[in-house]
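Chemist: what follows is a protein structure lacking sequence information:
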Ligand SMILES: Cc1cc2nc3c(=O)[nH]c(=O)nc-3n(C[C@H](O)[C@H](O)[C@H](O)COP(=O)(O)OP(=O)(O)OC[C@H]3O[C@@H](n4cnc5c(N)ncnc54)[C@H](O)[C@@H]3O)c2cc1C
């Protein structure tokens, strides 16, 4: 039977909705394949006015909205739950206008559905760049990056997405539009309420547009790929790079197990005869560098060669995923604790029941490890809980950059104080008192 919501949307937004079950099903499963849900309709609004119409129609019909950008999120926050409630997936992929490119200040306003790659392609010919870069760039959207406050390989130089956002436009649950897109860059006039949308994972409303602060990219850089004996050794090399006087643009690592899996799952060739315990990728601005790295280190300032080396690191997550349903954890600890944390992690996982294999890779200069564990059934969370408890003992975070979604919400209280969570829920009730948006994301429904 056609629901009242679909009758209303067919009348108000006939060209922006899809009810074909086959097309709907392509929006229901997340990138990891672990989360799948249900929806009666997909809406792909083309502008903010259509988003407002959609939000009001869903609210009037007691339906709920699942917001989806490029669906590259890794914590199950981009797909609907399996629910008896009527759910509309609001896909932002048609919000792709690029307006207001100020080439003097380097500010640009983009629709939430513009992908990272599309933004890069648009601004690079003008000598500007978007500070955030990640392996999901072809599909991940700027709205998704803002909603998750995404990180990536350039955080050590330019910060998380939050630092690149100069303004947002947000449609709230009652259809009002909150915006500071036109605000001046310097504006200390009280609470920056629009900033709450950054990192909110779609729980406060729909981000429809974002004003981005671009960066001037380094004219030349040198990428080193360095074999290290341990994470402690990699940390020493990082400190050496930081002391070189050249700006650090990236400091990433791949452990031996991850490298083995990358080599087995891709066409990439081994970089050395013997796979080192850690392969460290350090990128520094400039080419005249006064820094020594161990023998067997590879170094290049050639952009094409650099891209080839980056492929190893960028293939890491998907190579692990190709093994099957993997426990994926994205944690952080203080940079100075990374090596000690990894030793404790090895002690824990090497004898953990059911663990077949495990490894990590990640953003060394941010203390951010992506831990991959193969073995335990995907709905057996004992290993996740044990690792995250260890993270809490190190005063770390249970989610460094991927967010909480549906996958990590039971663990939030391990590293966030109860008072934070209480106030966050009060903020949610101001923006979205009936729980219209993203049911079950961040907090249980
Ligand atoms: C190969 C690979 C590499 C990755 N590397 C990194 C990395 O280095 N660093 C990193 O941080 N992440 C990384 N990710 C994760 C992912 O790409 C990011 O989380 C990205 O920000 C998600 O963008 P998206 O458009 O795909 O959002 P989605 O996955 O569609 O959504 C993510 C969350 O944001 C919400 N959302 C999306 N758009 C909006 C909007 N317009 N308004 C309100 N809420 C919205 C969704 O409801 C959901 O809760 C990687 C993923 C893959 C597959």
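Modeler: Good, I have the coordinates. Every value quoted in this text rests on a predicted model; they were computed, and no experiment measured them.

Chemist: low-confidence ranges in the stretch 101-250 of the chain?
Modeler: Scanning the stretch 101-250 of the chain for pLDDT under 70 picks out nothing.

Chemist: so who does whichever residue of the chain sits closest to the ligand touch?
Modeler: In the chain, the residue found nearest to the ligand is residue 144; the distance is 2.1 Å by C-beta to the nearest ligand atom. To be clear about C-beta, it is placed using only N, CA and C from the backbone, and glycine gets the same treatment. Neighbouring residues of residue 144 by C-beta atoms under 8 Å, 6 or more residues apart in numbering: 69, 70, 72, 73, 78, 92, 112, 150.

Chemist: quick one, domains of the protein?
Modeler: 4-94, 98-213, 218-402 (automatic domain parsing).

Chemist: what sits up against the helix or strand harbouring residue 117?
Modeler: Here residue 117, judged by DSSP states H and E, is contained in helix 116-123. The contact list for helix 116-123 (C-beta under 8 Å, 6+ apart) reads 96, 98, 101, 108, 110, 129-130, 132-134, 136-138, 140-142, 145, 212, 214.

Chemist: just the buried positions in that helix, please.
Modeler: Under the neighbour-count criterion of 16 or more other C-beta atoms under 10 Å, helix 116-123 has 116, 118, 119, 122, 123 buried.

Chemist: kindly report the same for stretch 7-17.
Modeler: Within stretch 7-17, the residues that count as buried by 16+ other C-beta under 10 Å are 8, 9, 13, 16, 17.

Chemist: mind checking the SS state of the first one?
Modeler: Following DSSP: H, G, I helix; E, B strand; the rest coil, the label given to residue 8 is helix.

Chemist: with adjacent residues omitted, what lies nearest to it?
Modeler: Spatial nearest neighbour of residue 8, chain neighbours left out: residue 57 (5.0 Å); criterion: C-beta to C-beta, 6 or more residues apart in numbering.

Chemist: so the one you found sits right up against residue 7, yeah?
Modeler: No. Using C-beta atoms under 8 Å as the test, residue 57 is too far from residue 7 to be in contact (9.9 Å).

Chemist: still on that earlier bit, pretty sure the residue of the chain closest to the ligand is in a helix, no?
Modeler: Yes. Counting by three-state DSSP, residue 144 is part of a helix.

Chemist: start to end distance for stretch 147-164?
Modeler: By C-alpha to C-alpha, to the nearest Å, the extent of stretch 147-164 from end to end equals 13 Å.

Chemist: likewise for stretch 283-299?
Modeler: OK, stretch 283-299 end separation, C-alpha to C-alpha: 9 Å.

Chemist: mind listing what's buried in it?
Modeler: 283, 284, 285, 286, 289, 291, 293, 297, 298, 299.

Chemist: the third one pairs with what?
Modeler: Under DSSP bridges, the beta-bridge partners of residue 285 are residue 221.

Chemist: just checking, it touches residue 244?
Modeler: No. Checked against C-beta under 8 Å, the pair residue 285 and residue 244 is beyond contact range at 9.7 Å.
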